[in-house]
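# A predicted structure for the sequence below; I have some questions about it.
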Amino acid sequence: MAPVKRLVVDILKPHDPPLAEFTTHIADVGSVDGVTASLIELDREVQNVKLTVAGDDIDVDATEAEVEALGGTVHSVDQVSCGERVVEDRPVPQDR
Amino acid sequence: MAPVKRLVVDILKPHDPPLAEFTTHIADVGSVDGVTASLIELDREVQNVKLTVAGDDIDVDATEAEVEALGGTVHSVDQVSCGERVVEDRPVPQDR
Amino acid sequence: MAPVKRLVVDILKPHDPPLAEFTTHIADVGSVDGVTASLIELDREVQNVKLTVAGDDIDVDATEAEVEALGGTVHSVDQVSCGERVVEDRPVPQDR
Amino acid sequence: MAPVKRLVVDILKPHDPPLAEFTTHIADVGSVDGVTASLIELDREVQNVKLTVAGDDIDVDATEAEVEALGGTVHSVDQVSCGERVVEDRPVPQDR
Amino acid sequence: MAPVKRLVVDILKPHDPPLAEFTTHIADVGSVDGVTASLIELDREVQNVKLTVAGDDIDVDATEAEVEALGGTVHSVDQVSCGERVVEDRPVPQDR
Amino acid sequence: MAPVKRLVVDILKPHDPPLAEFTTHIADVGSVDGVTASLIELDREVQNVKLTVAGDDIDVDATEAEVEALGGTVHSVDQVSCGERVVEDRPVPQDR
Amino acid sequence: MAPVKRLVVDILKPHDPPLAEFTTHIADVGSVDGVTASLIELDREVQNVKLTVAGDDIDVDATEAEVEALGGTVHSVDQVSCGERVVEDRPVPQDR
């Protein structure tokens, strides 16, 4: 099976644990080398966060399970890169 | 025959298999080195996904067959790069 | 005669042969090192495609003849780079 | 625990200490290698500032405590990067 | 006299000779290393083309004479770079 | 104390001394390696200028004092970078 | 005195001498390594041109004197970079 090397997920999380602690826990999932969490929107109850996860062979199920163990929910999986190398998604005229 | 080195296809897929599993299967097609799948739109029945596929000599038919074997349909082939090297599509004034 | 090193042409082609096969044939023209074909627009009868062709000494006539042999027509030649090296077309204030 | 390597926080601070002195104090927090403070908005009472903090293992609590010791308040944590390497947050179609 | 190293000219040309042949002739001017011709606009009678010409010591008069010998007219000289090195025209706030 | 390595200040200055002479004087402040002054707006009495100052350990007070000695006033300090290295201020979704 | 290394000036010049000849004369000023002249606007009487001048120690007065000797007038000095190195003017949130 081709390994997953990059994963972008859109999640909702409660305010607690705060974002830095939350992100640290995702980065601690065995197969993950690095995570960047960007706040998209924030209201009284929840934070909408975009997670960009990188690794040589990301365990997608374990990553999603960790989001849920921390009280979050995966709203959508927005990008997945698989294979020997990460192929960048380049703009094409049909994107317009 | 000049080899296909990059392929961008716009597809529709059912929600199942989920995007990470779907992308892994495309990356497992023999001639493919890497795939990035980006979610464009999502409704109750289907996901509209942009696949960017890279390899030294991509088997286009096998790639499209795999999309269909996974329940998807190819809506359009949006970009194809062939030959000894990948030529980038640069903006020209006529694009406006 | 200064060699042509990059050529951007706007073409119309029938749906058959499909884009990947079409592009492979253009890349097989003797003097061509690489081709990227980007879909601009698609209707029931034809596809409007932007071809970016690179090579050390592109045979422009042979390239255009191949487009026509495949059932396509050259709508316009949008950019040509000639000489010992490819000079990039940089933005200038008068472009506005 | 995966280390925090980059942190972006949106803060409010009084006019005193001035921005250069304020930023120097944040950069003096033990675990911080560099800080860039950008003024977002300024009114009669407060300055709204975006802090981008980098380090090999940033102490997030100590950084936030220093902001408060200087009279500021953390309005939101806007981005956190954790793990062995910093993963850049790339644009995906779902950002639109 | 400081040499001209890059020249951008806006020209009008008849449809014949076609753009690739026209550009080759400009690139054959003695002092020119490379030319990129970009189609700006096209109507029934003429093509409006932006020529970007590079060389170590471009003969501007000979280049303009060649444009005219091919039936074209120079509408405006839009950019000239002179001296030991090409200085890029960077955006400044006053451009707005 | 962490050194200040980059400083962006928005100033107002009289027309005299002219911008080149004014900028030279700022660059002569002991701790400054380079300064770029960009004209933002100009009216009959004053020039609004953005100063970007770089150095290994900029003396902020001496820099501001020089602006004032030359008849200028510091309108706002817009960015400060401190520490062992300059951290670039990257765009985050919350900037929107 | 810190040397001026880059200078951007907005000038008005008559149509004669033409832009290439005009730019060559500016590049011939002793202290100048390179000049790029970009046409901003052109009417019946004058050309509005942006000059970007680079050198290790530009003689600003001699450069402006040459503009005037050629019949031009300096409308505004839009950017000046001084010191041991050229500091780029980076965008900051306050530019908006």
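Arrived safely.
# skipping its backbone neighbours, what lies nearest residue A:31 in space?
residue A:59 (4.3 Å; CB to CB, 6 or more residues apart in numbering or on different chains). For glycine as for every other residue, the C-beta is placed from the backbone atoms N, C-alpha and C.
# enumerate every residue touching residue A:45.
Counting by CB atoms under 8 Å, 6 or more residues apart in numbering or on different chains, residue A:45 touches A:14, A:15.
# now it: how far from residue D:77?
17 Å (CB to CB, to the nearest Å).
# identify the residues contacting the residue nearest to residue A:31.
A:29, A:30, A:31, A:32.
# neighbouring contacts of stretch A:9-20?
By CB under 8 Å, 6+ apart, the list of residues contacting stretch A:9-20 reads A:22, A:25, A:37, A:39-40, A:45-51, A:53, A:63-64, A:67, A:70-78, D:4, D:7, D:60, D:77, D:80, D:82, D:94.
# hmm, I was thinking of stretch A:22-35
A:13, A:17, A:36-37, A:49, A:51-59, A:62-63, A:66-67, A:70, A:72, D:1-2, D:4-5, D:80-87.
# give me that answer again for 7 Å
Here stretch A:22-35 makes contact (CB atoms under 7 Å, 6 or more residues apart in numbering or on different chains) with A:13, A:37, A:51-59, A:62-63, A:66-67, A:70, D:1-2, D:4, D:80-87.
# quick one: average confidence on it?
Taken as a whole, stretch A:22-35 has an average pLDDT of 96.
# and it, what's buried?
A:22, A:23, A:24, A:25, A:26, A:27, A:29, A:32, A:33, A:34, A:35 (16 or more other CB atoms under 10 Å in any protein chain shown).
# just the residues you listed: which are in strands?
Mapping the buried residues of stretch A:22-35 onto strands (DSSP state E) picks out A:34, A:35.
# so which of the buried residues of stretch A:22-35 belong to helices?
A:22, A:23, A:24, A:25, A:26, A:27 (DSSP state H).
# just the closest of the residues you listed to chain G, please.
residue A:23 (24.2 Å; CB to the nearest CB).
# pretty sure residue A:71 is in a strand, no?
No. Counting by DSSP: H, G, I helix; E, B strand; the rest coil, residue A:71 is located in no strand; its state is coil.
# check contacts around it.
Residue A:71 neighbours (CB under 7 Å, 6+ apart): A:13, A:14.
# okay, it: pLDDT?
98.
# what backbone torsions are found at it?
Dihedral pair for residue A:71: phi 90, psi 0, per degrees, to the nearest 10.
# strands of chain A, residue ranges please.
Under DSSP E, chain A gives strands at A:4-14, A:34-42, A:46-54, A:73-83.
# nearest the geometric middle of chain A, what residue?
Computing the C-alpha centroid of chain A and ranking residues by CA atoms, centre = their mean puts residue A:51 first, at 3.3 Å.
# tell me how many other residues crowd the residue lying closest to it once chain neighbours are set aside.
Using CB to CB, 6+ apart and skipping residues adjacent in sequence, the residue nearest residue A:51 is residue A:9, 4.9 Å away. Using other CB atoms under 10 Å in any protein chain shown, residue A:9 has 24 neighbouring residues.
# now do residue A:43
By other CB under 10 Å, the burial measure for residue A:43, its neighbour count, is 8.
# next, the contact list for residue A:7, please.
A:53, A:58, A:60, A:63, A:80, B:20.
# just checking, the second one touches residue A:4?
Yes. In terms of CB atoms under 7 Å, residue A:58 counts as a neighbour of residue A:4; the distance is 4.4 Å.
# what about stretch A:69-87, distance to the chain center?
5 Å (CA atoms, centre = their mean, to the nearest Å).
# what's the first-to-last distance across that stretch?
Stretch A:69-87 stretches 31 Å from its first residue to its last (CA to CA, to the nearest Å).
# so for that stretch, what gets flagged as buried?
Neighbour-count burial for stretch A:69-87 [16+ other CB under 10 Å]: A:70, A:72, A:74, A:77, A:78, A:79, A:80, A:81, A:82, A:83, A:87.
# the third one pairs with what?
Here residue A:74 sits in beta bridges with residue A:11, going by DSSP bridges.
# residue contacts, it?
A:9, A:11, A:64, A:67.
# one more: the last one?
Contacts of residue A:87 were listed using CB under 7 Å, 6+ apart, and they are A:81, B:34, B:35, B:36, B:52, B:54.
# how about a cut-off of 10 Å?
A:5-6, A:81, B:6, B:8, B:27, B:32-37, B:51-55 (CB atoms under 10 Å, 6 or more residues apart in numbering or on different chains).
# burial measure for whichever residue of chain A sits closest to chain E, as a count.
Nearest residue of chain A to chain E: residue A:93, at 16.9 Å (CB to the nearest CB). Neighbours of residue A:93 under the rule other CB under 10 Å: 17.
# now residue A:96
Using other CB under 10 Å: residue A:96 sits among 7 other residues.
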